[in-house]
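Asker: Kindly return the folded structure for what I paste below:
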Amino acid sequence: MSELTDIKKRMSELETLIKETKDRLPAHSTKPPVMFELLEYEDEYDVLLKKFEALKSR
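Answerer: Numbers count the residues shown, from 1 in each chain. Modelled structure (predicted):
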């Protein structure tokens, strides 16, 4: 598989993980471990998005 395909696949997985993690967040008193997990997924997604855009513009 090409690198772009791999990145798109992982981004799709991360979108699912982000949605599932957000669904687990309570309305009040957010638990730090869940919040850290969400932030890690979002950070990885942002890095991949930038990399994807850079590769696509070549």
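Asker: so how far is the longest helix seen in the chain from its chain's centroid?
Answerer: Assignment by DSSP state H gives helix 32-56 as the longest helix of the chain. What separates the centre of helix 32-56 from the centre of its chain is 4 Å, taken as C-alpha atoms, centre = their mean, to the nearest Å.
Asker: Can you list the helices and strands that that helix packs against?
Answerer: Judged by 3 or more C-beta pairs under 8 Å, 6 or more residues apart in numbering; DSSP states H and E, the packing partners of helix 32-56 are helix 3-24. For glycine as for every other residue, the C-beta is placed from the backbone atoms N, C-alpha and C.
Asker: Near P33, how many other residues are there?
Answerer: 8 (other C-beta atoms under 10 Å).
Asker: ok, back up a step: what are the buried residues along the longest helix of the chain?
Answerer: Buried residues in helix 32-56, defined by neighbour count with 16 or more other C-beta atoms under 10 Å: E37, L38, Y41, E44, Y45, L48, F52.
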